[in-house]
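K.L.:
Just the structure for this:
(one chain, ligands or ions: 1)
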Amino acid sequence: MPMDIFKITGPVRLEGEITVSGSKNSALPIMAATIMAAGKNTLHGVPQLSDIAVMCKLMEDMGCKTNTAGNTIILDTTNIDKPFGDYEIVRKMRASICILGPLLARCRKVEVSMPGGCAIGYRPVDIHLRGLQELGAKIELKNGYISATVNGGLKGANIFLGGAFGSSVLATANVLCAATLARGKTIIEYAACEPEITDLANCLVKMGAKITGIGSPQLTIHGVKELKPIEHTVIPDRIEAGTFMAAAAITKGKLKIKNCRGDHLMAAIDKLRSMNVGVEENEDDCVVWSEGNIKPTDITTLPYPGFPTDLQAQFMAVLCLAKGNSVITEKIFPDRFMHVAEMSRMAANLRKEGPHVIVSGVEKLIAAPVMASDLRASAALVVAALAAYGETIVNRVYHIDRGYEKIEEKLNAVGAKIERQSV
Ligand code: UD1
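P.N.:
Numbers count the residues shown, from 1 in each chain. Predicted structure coming up:
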């Protein structure tokens, strides 16, 4: 099977306008939620990505009809007759787990493969299962599959959804979805507050769900009998926007980032400013510029509204060129540092100590062949390569294609030199 690589020539200076696509992490749980609203659901702003294609396949296998035209997807969930998530699909995309709650609510039984490990470390699903059990689901694990059934319907409950690393985004999505069709009232304490959960909750409300506390760690849900199909536009991808911000900063460039919600990126913007990077927030866009002279700073990843783990690697790339030392601490996925070894191959000065990385700024990065390991780490290698001297080869670009729509086309239009090749 041919595998794409990127050949990236640097250093370049990025300048111009770049547009952010719709959020993948918003689209996936919203697509899953349409399982509960039998009929034709229309979603706009859905990025054309391999993860979205995987979700379509998963939903088609259970009886849903999907129709994609550009960034609009119509999901006809009139017939859902096979509530099953096959290992062959789930292993490709962990986020497939977000079908669990909606399928349980609609079909009262579901079998979904346990997601395996992945490059960013061990990722358990105990919080998902605990939350659904509290709503009355009986859960068994067999042959690598989660089998969940509910006799007599789901029943509202008071649920504490915190785990060892704080809140869980997709566990909140699963329990929130299931609770909308449960009998009575559910209170979710320690709900994830990520904008993608807010988008999902707003979409569920459009479907007829009764939810209050949206955007806060306490969600109250009054169960309803049925949900209706909707038309919805997903929010802009804050992680793609943050990646472009890092790209502007590292290339001493100036980018007007359109379709960007600054209010979803407050922690990242705050860090950029403390790194001596200019940020102007406007209603629909953010302008980000740098003249070099990146100042070091310390970054700790935390659940929203803290600094997102999904931008940790990209910001590390920028700090590699800061004048001084920075400490990056990963509090969500303590092993999410696959990019450290690869950036070191590009002459970055990095030292990993447990969940911390000490970044000692260097004068310049030097191009090298590197290996993409997961979605965000790969994006960080692209960011680093834009500033590195020479031709960087990024292998295994399929990781980037999971989450960034036409990234090389978008970056090339503002001055990058990225060539995709099939090898
Ligand atoms: C989502 C995002 C992912 C992001 C992550 C954290 C999607 C499709 N993916 O993943 O890009 O990096 O949020 O912002 O939206 N945990 C448990 N038990 C569980 C579930 C999670 O211990 O049952 C732990 C995880 O290992 C991790 C932390 O909780 O340490 C947060 O993970 P979680 O928010 O669940 O990540 P995802 O929802 O899978």
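K.L.:
Low-confidence ranges, the stretch 101-250 of the chain, go.
P.N.:
Low-confidence segments of the stretch 101-250 of the chain (pLDDT under 70): 117-120.
K.L.:
Go again with 50.
P.N.:
Counting by pLDDT under 50, the stretch 101-250 of the chain shows no low-confidence range.
K.L.:
where do the helices sit along it?
P.N.:
Under the criterion DSSP state H, counting those that start in this stretch, the stretch 101-250 of the chain contains helices at 126-134, 169-180, 195-207, 238-250.
K.L.:
Angles on the backbone of I35, please.
P.N.:
Backbone geometry at I35, expressed as degrees, to the nearest 10, gives phi -60, psi -30.
K.L.:
What separation do you get for it and D126?
P.N.:
Remark: distance between I35 and D126 (C-beta to C-beta, to the nearest Å) = 23 Å. C-beta: built from backbone N, CA, C; applies to glycine.
K.L.:
Can you tell me which residues in the stretch 51-200 of the chain are near the ligand?
P.N.:
Applying C-beta under 6 Å from any ligand atom, we find that the stretch 51-200 of the chain lies next to the ligand at 95, 123-128, 163-165, 168-171, 192, 196.
K.L.:
returning to what we had before: comparing I35 and D126, which residue is more hemmed in?
P.N.:
The neighbour count for I35 versus D126, taken as other C-beta atoms under 10 Å, is higher for I35 (27 against 11).
K.L.:
Does that one touch M59 like I think?
P.N.:
Yes: when contacts are counted by C-beta atoms under 8 Å, I35 is listed as touching M59 (7.2 Å).
K.L.:
got any residues that touch both of these two?
P.N.:
Taking C-beta atoms under 8 Å, 6 or more residues apart in numbering as the criterion, I35 and M59 both touch T77, I99.
K.L.:
In the stretch 201-350 of the chain, what residue spans correspond to strands?
P.N.:
For the stretch 201-350 of the chain, strands defined by DSSP state E, counting those that start in this stretch occupy the ranges 210-212, 218-222, 231-233, 254-258, 278-281, 285-289, 299-300, 325-329, 349-353.
K.L.:
Kindly reformat those as JSON lines containing mean neighbour count and distance to K65.
P.N.:
Putting those into JSON lines (neighbours: other C-beta atoms under 10 Å; distance: least, C-beta to C-beta, whole Å) gives the following:
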{"stretch": "strand 210-212", "mean neighbour count": "15", "distance to K65": "28"}
{"stretch": "strand 218-222", "mean neighbour count": "19", "distance to K65": "29"}
{"stretch": "strand 231-233", "mean neighbour count": "17", "distance to K65": "16"}
{"stretch": "strand 254-258", "mean neighbour count": "22", "distance to K65": "33"}
{"stretch": "strand 278-281", "mean neighbour count": "16", "distance to K65": "41"}
{"stretch": "strand 285-289", "mean neighbour count": "21", "distance to K65": "36"}
{"stretch": "strand 299-300", "mean neighbour count": "20", "distance to K65": "44"}
{"stretch": "strand 325-329", "mean neighbour count": "19", "distance to K65": "45"}
{"stretch": "strand 349-353", "mean neighbour count": "14", "distance to K65": "47"}
